[in-house]
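Asks: model the structure of this input:
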Amino acid sequence: MTTGAGFDLERLIATNASAAFNRLVGLEVISAGAGEVELRVPWRDDLTQYAGHLHAGMIAALLDTACGFAAASVVGSVTASHFSMNCLKPALGRGFIAKGTLVRAGRRQAFARAELFAENEQGEVALVATGETVLIPLAA
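Replies: Here you go, the predicted model:
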């Protein structure tokens with residue numbers, strides 16, 4: 001891996017802003033660097049499923065993006081080759097925080113995991129889902 005290939009916070013913010021889906025849902029990059037990232041999205045009724053919880057598709061998007069951005073902070077541009085998630089409880093709150101961590105980066109694959117937390121009105125957070133992504137580093 002070439003040193004300096006990773007995206008810094010400024011580049012991840014710009015990458016996030018360039019993604020139409022991320023703009024649509026209000027995804028914000030809070031912090032990033034050295035294989036770690038924190039993302040935030042506010043609660044929106046239009047992102048829920050029939051029972052009023054955050055839609056599993058949105059949960060997946062947050063987890064996968066956190067994994068991808070965590071990997072990108074070290075290896076640069078990546079694309080997902082495999083993704084899985086576990087929903088632990090209904091995702092309800094005033095907002096959601098996704099924390100991604102790069103587990104391992106190789107020449108051909110990178111492995112990352114993420115956790116999604118729901119934040120209540122008092123600012124307390126509860127773990128609602130976890131995910132893992134296998135990513136392929138892209139040539140510069």
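Asks: any buried residues in the longest helix anywhere in the chain, and which?
Replies: Longest helix in the chain by number of residues (criterion: DSSP state H): helix 56-75. Buried positions in helix 56-75, judged by neighbour count with 16 or more other Cβ atoms under 10 Å: 58-75. Heads up, the C-betas are built off the backbone N, CA and C, glycines and all.
Asks: going along the chain, name the helices of this protein.
Replies: Taking DSSP H to define them, one finds helices in the chain at 9-18, 20-25, 56-75.
Asks: mean pLDDT and distance to Gln49 added to those helices, as TSV?
Replies: Listed next are these as TSV, based on pLDDT from 0 to 100; distance: least, Cβ to Cβ, whole Å:
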stretch	mean pLDDT	distance to Gln49
helix 9-18	97	24
helix 20-25	96	15
helix 56-75	97	7
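Asks: how about these in TSV, adding distance to Arg113?
Replies: Listed next are these as TSV, based on distance: least, Cβ to Cβ, whole Å:
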stretch	distance to Arg113
helix 9-18	18
helix 20-25	20
helix 56-75	7
